[in-house]
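Student: Turn this into a model:
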Amino acid sequence: MTHVDHIRRTGEIEHYFDRTALDAWKKLTGEQPVSGIRATVRRGRDSMRRILMGWLPYDLTGWRILDAGCGSGVMSLELMDRGADVLGIDLSAQMVEFARQRAADHRPAAGAGTVRFDSGDMLDGRHGRFDAVVAMDVLIHYEAAHATRVLEQLAARTDRKMAFTLAPGSRFLRTMLAAGRAFPRGNRSPSIYPVDTDDLVAKLVTRPDMKGWLVGRTERVSIGFYKSQAMEVFRP
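Tutor: Modelled structure (predicted):
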């Protein structure tokens, strides 16, 4: 993956979420009723978010966490309520504005940390260092080699843990994607790239830049049209 390739891919993703499917994803990540495919995707995402949150300590006081691809900011606010200082980054400036509106209406829990939402590249070194990175349904939009390099670059600025999701390489998911049914109606680009999740992570921690990282837990969520694999790597 070259820098040019990364810029091109992030541009495609930004175009999709910022200009093509913004309203559909606002509904999907909001609280208003949805039906059909969107309902299964919402239930799947809610389940996946609970898994990733469960892999972090309940008390996150003193932790600085990157919510990479924060979308509407739901997980960022939950992390803040558990005491973390959270930076939510998303390519879509309009989704970030939606997250800021959600934060303005949110009543923080006692002992809450802080949250800040910005639009831009999650790999920008100016974001600084983190104790943990969470990236839910972000790397599913990258081919295996690209996803691996993204994780390496995030790991270079992460001290404790990364919890993320990948698209499992199941026959059902490949068929579903070929039928164009994985995302809300409209332009369904960018593509989802199913990968061999266990193989990708096992090879990831053997790379020279990942010295000291270990493979942690993994769990699949399969609810209707939502298919995603939670993965964890950590520093002991």
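Student: packing partners for the lengthiest helix in the chain?
Tutor: If you go by DSSP state H, the chain has its longest helix at helix 36-54. With contacts defined as 3 or more C-beta pairs under 8 Å, 6 or more residues apart in numbering; DSSP states H and E, the packing partners of helix 36-54 are helix 22-29, helix 74-81, strand 158-166, strand 214-223, strand 226-234. C-betas here are computed from N, CA, C, even on glycine.
Student: Quick check: the most far-flung residue of the chain relative to its centre vs G69, distance?
Tutor: Taking C-alpha atoms, centre = their mean, the residue of the chain most remote from its mean C-alpha position is A110, at 26.1 Å. Distance, A110 to G69, using C-beta to C-beta, to the nearest Å: 28 Å.
Student: Ok, S35 next?
Tutor: Taking C-beta to C-beta, one finds S35 at 25 Å from G69.
Student: and those two? which has more neighbours close in?
Tutor: Ranked by neighbour count (other C-beta atoms under 10 Å), S35 and G69 place G69 first, with 25 against 7.
Student: measure R43 to R220 for me?
Tutor: 14 Å.
Student: I should have written Q94 there, sorry.
Tutor: Plainly put, Q94 is 31 Å away from R220 if you go by C-beta to C-beta.
Student: Ok, I51 next?
Tutor: From I51 to R220 the distance is 9 Å (C-beta to C-beta).
Student: between those two, which one's more packed in?
Tutor: I51 (19 against 15).
Student: who's in contact with that one?
Tutor: If you count contacts by C-beta atoms under 8 Å, 6 or more residues apart in numbering, I51 has them with E219, V221, A230.
Student: Check K161 too.
Tutor: Contacts of K161 (C-beta under 8 Å, 6+ apart): W55, L56, D131, A132, V133, G216, E232, V233, F234, R235.
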